[in-house]
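>>> no sequence for this one, just the structure:
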Ligand code: IMP
Ligand code: MG
């Protein structure tokens, strides 16, 4: 795997984004909503960096069913979400790729009567954008490559890598061997 962003790079970019958010919402209370599952690592870091009275919630969106390029149908599940009516919401996701996930989740949130909804992502692949919307905060802009680590997965693996890496062809072969392994009872 080729490292695109090291732990140090990530820390710097996320701290900078947290400071921007803190400044924008100064004196207000914030409701931070993470999109499961890709946002979990960023959420854990971001919520500890933002020194504001903060409520934390999650919403589930799934589409990428394992494939690296083709997109499955998007399903949004708001059953786990906390009450956002009359709240300033900051939606957090790992990556803004085509933009369909974030814009669809925002539509869903808007139905629940928040005062405002803004978005923050770790990564923005600008070349792939297919919607008018642009995230309010993005820690990094990256080229059009499939990346894993720091919450981002390939077939549900690699989310735990503390750095961001590009998945190369040679990794896919190793991956195929790995995913076949299930623990023996
Ligand atoms: P979008 O709807 O096209 O913006 O896609 C957003 C979702 O696709 C993210 O939340 C990720 O789960 C997934 N995704 C897009 N690009 C990548 C990538 O390079 N690596 C891993 N997941 C990705
Ligand atoms: Mg994913």
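Sure thing, it's come through. In this text the structure is predicted, and so the values were computed from the model without any measurement. Ligands and ions are numbered 1, 2, ... in the order given.
>>> list the contacts for residue 39?
92-94, 151 (CB atoms under 8 Å, 6 or more residues apart in numbering). (Each C-beta comes from the backbone N, C-alpha and C, glycine too.)
>>> what would these look like in JSON lines with distance to ligand 2, pLDDT and secondary structure?
Formatted as JSON lines, the contacts of residue 39 follow (distance: CB to the ion, whole Å; pLDDT from 0 to 100; DSSP: H, G, I helix; E, B strand; the rest coil):
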{"residue": "92", "distance to ligand 2": "14", "pLDDT": "98", "secondary structure": "strand"}
{"residue": "93", "distance to ligand 2": "10", "pLDDT": "98", "secondary structure": "strand"}
{"residue": "94", "distance to ligand 2": "7", "pLDDT": "98", "secondary structure": "strand"}
{"residue": "151", "distance to ligand 2": "9", "pLDDT": "98", "secondary structure": "coil"}
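>>> Any chance of CSV for the residues you listed, columns neighbour count and distance to residue 37?
Listed next are the contacts of residue 39 as CSV, based on neighbours: other CB atoms under 10 Å; distance: CB to CB, whole Å:
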residue, neighbour count, distance to residue 37
92, 26, 12
93, 26, 10
94, 26, 9
151, 25, 8
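>>> So which of those residues is the closest to residue 115?
residue 92 (17.5 Å; CB to CB).
>>> Look up how far residue 79 lies from the closest one.
Per CB to CB, to the nearest Å, residue 92 is found 18 Å from residue 79.
>>> backbone phi and psi for residue 125, please?
phi -100, psi 90 (degrees, to the nearest 10).
>>> ok, now which ones touch it?
95-97, 141-144.
>>> The same query, at a cut-off of 6 Å, please.
The contact partners of residue 125, by CB atoms under 6 Å, 6 or more residues apart in numbering, come to 97, 142, 144.
>>> What sits closest to the second one if chain neighbours are left out?
Closest residue in space to residue 142, ignoring its immediate chain neighbours: residue 123 at 5.2 Å, by CB to CB, 6 or more residues apart in numbering.
>>> Not counting its neighbours along the chain, what's nearest residue 4?
According to CB to CB, 6+ apart, the nearest residue to residue 4 is residue 164 (4.9 Å).
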